[in-house]
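> Coordinates only, no sequence provided:
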DNA sequence: TCTGGGGTCCTAGGACCC
DNA sequence: TCTGGGGTCCTAGGACCC
């Protein structure tokens, strides 16, 4: 039996916990570069503001003060997420951290009313310890727990889907593309094959569904029947790739701007890499124009490294090499990215026989010191000059809230 | 004028092996 | 003229998730 615990309007709720002025009012949180809406309070949803809606489309609502707005503040959200997880650990069940605002929890088989009581307990505790409201959906499989959670959100924040008739009723009331694992494309393919509702997807023949959607589709169908096809994944699997990318505040054609950006993204990605005690053997760099610009350009270049690395300066110089391969002058670039992949454990790196620089300890020590200082004081207390100082390309974030929980300077003052 | 950022898995096809 | 059967690995692209 699985519970899916999901924070309601997560990013918007995080902002509201610390700023009471925002409470019970329309609020939207914008993506990086203040581009589009990535979270909405209930009141904002009621105004008809859509998920991923471009910010300029609702600028009248914002300028007139009807809708409050915040730039995204991921330091705050990740820390609040950590607090929610720590609260849930108290229940001593196996858990899988599924996303920044969602947790799958294995719960014991029991009666509907007992499960509802457990869900209420979870809700109360999280509310009391973090100030955030969660909804809890419970079902026999992860997919059914997801479905239950969706229904919980539409009602009283708790839903237990146990009996066949209830499940079928829920399935009939749901769109195909809203079933976990079935997106817009798959829904379209199913409709073409004359399958129009999740209930039909549940009852379909195994061989037929496999033909239409492949094994993933079959697994979803099985899950809807209560047969577990997705197990709880509670071992923190090492990441397979790390991507650091940003849209620029203003498009740029200058190689120097791109070099700064790429250097800064490499620094960020490499920090993450070391945090996970990994080293990378492949680095690639992407650049692109805006989606809507007249002249479209997208390109990517990568380099395989003979020895896995986690030393920022080396990786910055490789990143710049990649950039030079794909840079073309007179193009207005809007976005760049750095991706690291092909990881190995930092501790067990096999040194290259022909690598002259066998003594890496100095570099390792330097990186450890760098990380320690930046952790202690500020993310960029120490930074690489190649990342630039002015950073004209930087994203716009006009309405960012303080880092209430992760920065001493931003600590909430109580009068 | 203005549309995010970060991941995962699956599949098909090609190259290569015996 | 006629050309098997079985496998692995890699990559690009597609689809999904939040």
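Sure, I can see it. None of these values were measured; they are calculated from a predicted model.
> Can you give me the buried ones in the longest helix along chain A?
Of all segments of type helix in chain A, defined using DSSP state H, the longest is helix A:255-275. Residues of helix A:255-275 classed as buried under the neighbour-count rule (16 or more other CB atoms under 10 Å) are A:257-271, A:273-274. (C-beta placed from N, C-alpha, C; glycine too.)
> So is that helix next to DNA strand B?
Yes: Helix A:255-275 is in contact with DNA strand B by CB under 7 Å from any atom of the strand, via residue A:272.
> average pLDDT for that helix?
Mean per-residue pLDDT for helix A:255-275: 95.
> And for stretch A:158-167?
97.
> can stretch A:382-390 be found next to DNA strand B?
No: interface with DNA strand B: stretch A:382-390 contributes nothing (CB under 7 Å from any atom of the strand), its closest point being 14.8 Å away.
> Give me the residues contacting that stretch.
A:257, A:259-260, A:263-264, A:267, A:312-313, A:316, A:320, A:370, A:373-374 (CB atoms under 8 Å, 6 or more residues apart in numbering).
> In JSON lines: these, plus distance to DNA strand C.
Shown next, in JSON lines, are the contacts of stretch A:382-390 (distance: CB to the nearest atom of the strand, whole Å):
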{"residue": "A:257", "distance to DNA strand C": "26"}
{"residue": "A:259", "distance to DNA strand C": "24"}
{"residue": "A:260", "distance to DNA strand C": "27"}
{"residue": "A:263", "distance to DNA strand C": "24"}
{"residue": "A:264", "distance to DNA strand C": "22"}
{"residue": "A:267", "distance to DNA strand C": "23"}
{"residue": "A:312", "distance to DNA strand C": "24"}
{"residue": "A:313", "distance to DNA strand C": "26"}
{"residue": "A:316", "distance to DNA strand C": "23"}
{"residue": "A:320", "distance to DNA strand C": "21"}
{"residue": "A:370", "distance to DNA strand C": "29"}
{"residue": "A:373", "distance to DNA strand C": "31"}
{"residue": "A:374", "distance to DNA strand C": "26"}
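> So which residues of chain A form helices?
A:10-18, A:42-46, A:59-63, A:74-89, A:112-130, A:142-154, A:164-172, A:184-192, A:198-203, A:206-224, A:255-275, A:312-326, A:361-376.
> Summarise which helices and strands the longest one is packed against.
Meaning helix A:255-275. strand A:241-252, strand A:278-288, helix A:312-326, strand A:333-345, helix A:361-376 (3 or more CB pairs under 8 Å, 6 or more residues apart in numbering; DSSP states H and E).
> Nearest to DNA strand B, out of these?
strand A:241-252 (3.3 Å; CB to the nearest atom of the strand).
> Tell me which residues of that closest one come out buried.
Quick answer for strand A:241-252 (16+ other CB under 10 Å): A:242, A:244, A:245, A:246, A:247, A:248, A:249, A:251, A:252.
> likewise stretch A:365-381?
For stretch A:365-381, by 16+ other CB under 10 Å, it's A:367, A:370, A:371, A:374.
> do that stretch and DNA strand B meet?
No: Stretch A:365-381 is not in contact with DNA strand B by CB under 7 Å from any atom of the strand; minimum separation 13.1 Å.
> Is it correct that residue A:134 is in contact with residue A:124?
No: in terms of CB atoms under 8 Å, residue A:134 does not count as a neighbour of residue A:124; the distance is 9.9 Å.
> what's the neighbour count on the residue of the stretch 101-250 of chain A found nearest DNA strand C?
Proximity of the stretch 101-250 of chain A to DNA strand C (CB to the nearest atom of the strand) peaks at residue A:183, 2.4 Å away. For residue A:183, the count of nearby residues is 12 (other CB atoms under 10 Å).
> Can you pick out the most distant pair from the contacts of stretch A:382-390?
The distance between the two most remote of the contacts of stretch A:382-390 (CB to CB) is 27.0 Å, for A:257 and A:373.
> The helix or strand of chain A with the lowest mean pLDDT: partners in the sheet, and parallel or antiparallel?
Lowest mean confidence among the helices and strands of chain A (mean pLDDT, DSSP states H and E): strand A:298-309, at a mean of 88. Sheet pairing here is set by DSSP bridges, and for strand A:298-309 it gives strand A:278-288 (antiparallel).
> Would you tell me whether the partner strand gets close to DNA strand C?
No: no part of strand A:278-288 sits near DNA strand C under the criterion CB under 7 Å from any atom of the strand; the closest distance found is 8.4 Å.
> That strand vs DNA strand B: in contact?
No: residues of strand A:278-288 are not located near DNA strand B by CB under 7 Å from any atom of the strand, the shortest gap being 9.7 Å.
> Can you give the domain ranges for chain A?
In the domain annotation for chain A, the residue ranges read A:1-156, A:163-236, A:241-387 (automatic domain parsing).
> Out of the ones you listed, point me to the one whose mean pLDDT is lowest.
domain A:241-387 (a mean of 88).
> can you pull the buried residues of stretch A:51-65?
Quick answer for stretch A:51-65 (16+ other CB under 10 Å): A:55, A:58, A:61, A:62.
> Tell me, how many residues neighbour the nearest residue to the last one once chain neighbours are set aside?
Using CB to CB, 6 or more residues apart in numbering and skipping the chain neighbours, the partner closest in space to residue A:62 is residue A:69 (5.1 Å). Using other CB under 10 Å, residue A:69 has 22 other residues around it.
> Hmm, residue A:69 is touching residue A:26, no?
No: taking contacts as CB under 8 Å, residue A:69 lies outside contact range of residue A:26: 9.4 Å.
> what's residue A:135 in contact with, if anything?
Contacts of residue A:135 (CB under 8 Å, 6+ apart): A:5, A:6, A:8, A:123, A:149, A:152, A:153, A:157, A:158, A:159.
> of all those residues, which two lie farthest apart?
A:8 and A:159 (13.5 Å).
> quick one: which of the buried residues of stretch A:365-381 is nearest to residue A:105?
Of these, the one sitting nearest to residue A:105 (CB to CB) turns out to be residue A:371, at 32.4 Å.
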